[in-house]
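Asker: I'd like to go over a predicted model; first the sequence, then the structure.
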Amino acid sequence: MGRVYRAEELGPGKQVAVKLLHPEVAGVDQMVQRFEREASVMKELSHPNIAKVIEFGEWNGRLFLAMDLLAGKSLGELIGDGIKNGKPLSVKRTLEIMHPVFDALDYAHGRGVVHRDLKPENIMLNAGGLFSRESVKLLDFGIAKLGPQSDRAPSQNLTGSGLVLGTPGYMSPEQASGLEADRRSDVYSCGVILYQMLTGRQPFVAETPFDVLRMHMLTDPRPLREVATGAWIPDAIENVVLRALAKRPGERHQSARELRQDLEYASVIDYSHTGAAGGTASPRRLSGGARFLCLAIIAGSAAVVAGHELRARRRAAAASTAAAVAAGAPRPTPAADVEQDSASEIVQESPERSKRNAKQARHVSKRHSDRKHDR
């Protein structure tokens, strides 16, 4: 529908991306309206994971759309086409990329906007800042559906009933059959992208686009570990992806936020699984941060147990002392008190002893006098 060029914004000198409507479709009313819709939708959406529109207008009779320049590569370039050249990613890397996409979709859905053309080529990975490896941007709202919650209602229904628009490999069953698509259609497309990121293959591949659409409507996808033999994909993660690929919208996750929450919960379940061939996969190796967390938990638990044991011993000693006092056992007297009491006794006994000594002396003297008198 258009071509994208690198340009420079006059004044600030900022590098931007300019999307020009292709001359061959410039006279097609529906294509012009789709281009205008993309501009109006993206101007209404302000989210860190959605490409920002700077300006929309006309130049030399051709419509243009100026956006932030994303100096990165698309997810499609990273993982391949999923048909002949597939490059699967780890569970951790997959979730790192898709979590911002879920956030962007949840934001757009909350404003009545359904993307309807989610695919790896519309997810850009851009060099990030100090604390992130890259930033993720969602692009191309050209066939987005504007719902009643949108700030601006569409001027014309560009995707009426029975008209199929989108990319066959990533379309939901309801899109493939020309039915109304809501936010759960985007959830299905996310399920397709997750499947491809984890296995390196799209869930449905056929000779013609029509056959692919038919498979979306009628065929169940193969288990992920059956497709990606040798890959470590936990059962819980596989179950979440397959639920997102349910044929009936009511059986899927009902929002992008719910899909993200289920994936976050599933990603912390760490256990070995049995693959399709009956073999047991290698256990998961914990990252450095996870190992540190485990050691911290063990150390904290040991400290709690030691503290509890010490408090128990102190309570036992206190109880033993209280029992001894209650039974009447004499309390030990401090050494200083004993010495003071002894000194007091000595002081108290000295006068009595002096009297006894004086009496004995008189008695001895009298006896001596009597003996002399007898003589």
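Answerer: All right, it came through fine.
Asker: Going along the chain, name the helices of this structure.
Answerer: Shown for the chain, the helices assigned by DSSP state H span residues 29-44, 75-79, 91-110, 173-176, 183-199, 209-218, 224-227, 235-244, 256-267, 288-326, 335-374.
Asker: mind checking which of these is nearest Gly61?
Answerer: helix 29-44 (11.5 Å; C-beta to C-beta). C-beta here means a position set from N, CA and C on the backbone, and glycine is covered the same way.
Asker: other SSEs contacting that closest one?
Answerer: strand 15-21, strand 53-59, strand 62-68 (3 or more C-beta pairs under 8 Å, 6 or more residues apart in numbering; DSSP states H and E).
Asker: Tabulate those in JSON lines, adding columns for mean neighbour count.
Answerer: JSON lines is the format used below for the helices and strands packed on helix 29-44 (neighbours: other C-beta atoms under 10 Å):
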{"stretch": "strand 15-21", "mean neighbour count": "19"}
{"stretch": "strand 53-59", "mean neighbour count": "14"}
{"stretch": "strand 62-68", "mean neighbour count": "18"}
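Asker: Can you add distance to Val268 and mean pLDDT and give those strands back as TSV?
Answerer: Below are the helices and strands packed on helix 29-44 laid out as TSV (distance: least, C-beta to C-beta, whole Å; pLDDT from 0 to 100):
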stretch	distance to Val268	mean pLDDT
strand 15-21	38	79
strand 53-59	37	78
strand 62-68	34	79
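Asker: shaky segments in the stretch 51-200 of the chain?
Answerer: When the per-residue scores of the stretch 51-200 of the chain are filtered using pLDDT under 70, the ranges that remain are 128-133, 146-165.
Asker: just to revisit the earlier point, how about the helices and strands packed on helix 29-44 in JSON lines, adding distance to Gln33?
Answerer: Putting the helices and strands packed on helix 29-44 into JSON lines (distance: least, C-beta to C-beta, whole Å) gives the following:
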{"stretch": "strand 15-21", "distance to Gln33": "11"}
{"stretch": "strand 53-59", "distance to Gln33": "13"}
{"stretch": "strand 62-68", "distance to Gln33": "11"}
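Asker: re earlier: so of the helices of the chain, which one's packed in deepest?
Answerer: helix 183-199 (a mean of 26; mean count of other C-beta atoms under 10 Å).
Asker: same for that helix, what does it pack against?
Answerer: Packed against helix 183-199, as judged by 3+ C-beta pairs under 8 Å, 6+ apart, are the following elements: helix 75-79, helix 91-110, strand 113-114, helix 173-176, helix 224-227, helix 235-244, helix 256-267.
Asker: Which one of the ones you listed lies nearest to Glu58?
Answerer: When these are compared by C-beta to C-beta, strand 113-114 sits nearest Glu58, at 24.3 Å.
Asker: Could you list every helix and strand that that closest one packs against?
Answerer: With contacts defined as 3+ C-beta pairs under 8 Å, 6+ apart, strand 113-114 has these neighbours: strand 145-146, helix 183-199.
Asker: Dump the longest one to CSV, restricted to CA.
Answerer: Once side chains and other backbone atoms are set aside, the C-alpha atoms of helix 183-199 remain, and they are given as CSV (Å, rounded to 0.1, in the frame of the first residue of the first chain):
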residue,chain,number,x,y,z
ARG,A,183,-10.1,-8.1,20.6
ARG,A,184,-10.2,-11.9,20.8
SER,A,185,-9.2,-12.0,17.1
ASP,A,186,-6.0,-10.2,18.1
VAL,A,187,-5.5,-12.7,20.8
TYR,A,188,-5.6,-15.5,18.2
SER,A,189,-3.0,-13.7,16.0
CYS,A,190,-0.8,-13.4,19.1
GLY,A,191,-1.1,-17.1,19.6
VAL,A,192,0.1,-17.7,16.0
ILE,A,193,3.1,-15.4,16.6
LEU,A,194,3.9,-17.2,19.9
TYR,A,195,3.7,-20.6,18.2
GLN,A,196,6.1,-19.4,15.5
MET,A,197,8.5,-17.8,17.9
LEU,A,198,8.8,-21.0,20.0
THR,A,199,8.8,-23.6,17.2
